[in-house]
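S.K.: Could you work out the structure for the sequence below:
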Amino acid sequence: MPMRQFRPPMVRMQHLDRLLRNSRYPNCSAVARYFDVSPRSIRSDIRYMKDMLGAPIVYDSRRRGFAYEGAWQFLPEVLLDPMEAEALMATKKVISGYHGTPCHDEVSRALDKVLQYLPGACADRSESDIHSFGRFSDPLVSIACFTSIEDSLRQQTKMRIIYDDSSRSGAATQSTIHPYRLHFSQVLTSWYLVAWCELSQEVRTFAVSRISEAVPLDEVFSLQEGFPLGRYLSGAFEDVREPQLVKVSLRFSPHHSQWIRERKWHSSQELEEHEDGSLTLSMEIPSLEAVMRWVMRYGGEAEVVAPEELRNRVKEEIVRMGMLYL
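M.R.: Just a heads-up that it's a prediction; the model follows:
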């Protein structure tokens, strides 16, 4: 019975190997019918096995089929055990949530090349048997801009960008930047570009979705000497970073403290437990704006203890919200 569903070349070669190993003397026409492909595809598979993998395949004219003329092992080192296969299939499921976003197609094709080595039982198993993953929000990123940024990063050349800088200047700005790193935020499910900005004379984090134009320039640059890129990324809060570090203290109710204990929110965090079951979370963070947005998600379950500037910002926001609903 023909296998009409898609089967990549490696699966066909595994099938050929089983037939050859069992002295079934397969021929191109019969195998082509089984996979519902052309005999030319099977001839290409056999030629690949002989020329690239060193398989000792010969044609037996008396049996009208192919055979091994000596002992040979078909890629034993690349076959995956069940746990490894399951992990890869789960990864495939995860990246399906990023369909249409930068890097999705390349990563998906790379996984497909590895997954074709799976034994038949594993390959036919549904990816959702024991794992399921929620759909991520689609970041609105221009693929053309993203590709240009990647090119500049690889060549280490400057770029000219047009950026929606409404949070700072209230308008789009044009600037020349030195791109350091493309960073995907798992918290915000968005791409960011860390770069030195010639206009503001500082390292900034740009939301790639706000870059409407990105043009690589011919001028090469050098990474700012001594700039701690890894520490810069890990020190951000909610992937937002401003030049000044500020110590904040937030007290969470007994009811909500259990969720705060379950995660590490920042590399600098300290937890102080209280007798009533509440706790205080203290961190040195680089953005009051980001922590204000974050703490307000918890409503009355969280109180800003310090600094006073953050308390006042939250108070003002609560008054604004009250005017909308009262």
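
S.K.: Would you map the strands across the chain?
M.R.: 57-60, 65-68, 157-164, 172-185, 190-197, 202-207, 211-220, 246-252, 270-273, 279-285, 302-306 (DSSP state E).

S.K.: for these, which one sits closest to residue 108?
M.R.: In terms of CB to CB, the element of these nearest to residue 108 is strand 172-185, at 15.7 Å. Every C-beta, even on glycine, is put in place using the N, C-alpha and C of the backbone.

S.K.: which stretches of this structure have low pLDDT?
M.R.: 1-7, 75-82, 97-102, 116-139, 167-170, 186-188, 234-243 (pLDDT under 70).

S.K.: So if we follow the domain assignment, how does it break up?
M.R.: Using automatic domain parsing, the domain ranges for the chain come out as 9-76, 79-123, 143-225, 246-325.

S.K.: so which of those gets nearest residue 231?
M.R.: Closest among the domains of the chain, once you apply CB to CB, is domain 246-325, at 8.8 Å.

S.K.: Please state the offset of the closest one from the chain centre?
M.R.: Computed by CA atoms, centre = their mean, to the nearest Å, the separation of domain 246-325 from the middle of its chain amounts to 29 Å.

S.K.: Out of the strands of the chain, which one sits most buried?
M.R.: strand 190-197 (a mean of 22; mean count of other CB atoms under 10 Å).

S.K.: the inter-axis angle of the biggest helix by length in the chain versus strand 279-285?
M.R.: Secondary structure assigned by DSSP state H gives helix 308-325 as the longest helix of the chain. Relative orientation of helix 308-325 and strand 279-285, computed by axes from the mean of the first three to the mean of the last three CA atoms, to 10 degrees: 110 degrees.

S.K.: elements contacting helix 308-325?
M.R.: Under the contact criterion of 3 or more CB pairs under 8 Å, 6 or more residues apart in numbering; DSSP states H and E, helix 308-325 touches helix 288-296, strand 302-306.

S.K.: Not counting the last one itself, show me its contacts.
M.R.: Judged by CB atoms under 8 Å, 6 or more residues apart in numbering, the contacts made with strand 302-306 from elsewhere in the structure are 247-253, 256, 280, 295, 310-311, 314.

S.K.: if you set the cut-off to 10 Å instead, what comes out?
M.R.: Under the contact criterion CB atoms under 10 Å, 6 or more residues apart in numbering, strand 302-306 has outside partners 246-253, 256-257, 260, 278, 280-282, 288, 291-292, 294-296, 310-315.

S.K.: Pull it out as PDB, backbone CA atoms only.
M.R.: As requested, the backbone C-alpha atoms of strand 302-306 are provided in PDB (Å, rounded to 0.1, in the frame of the first residue of the first chain):
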ATOM      1  CA  ALA A 302       1.000  44.400  46.300                       C
ATOM      2  CA  GLU A 303       2.200  47.700  47.900                       C
ATOM      3  CA  VAL A 304       5.200  49.800  46.900                       C
ATOM      4  CA  VAL A 305       7.200  50.400  50.000                       C
ATOM      5  CA  ALA A 306      10.100  52.300  48.400                       C
END
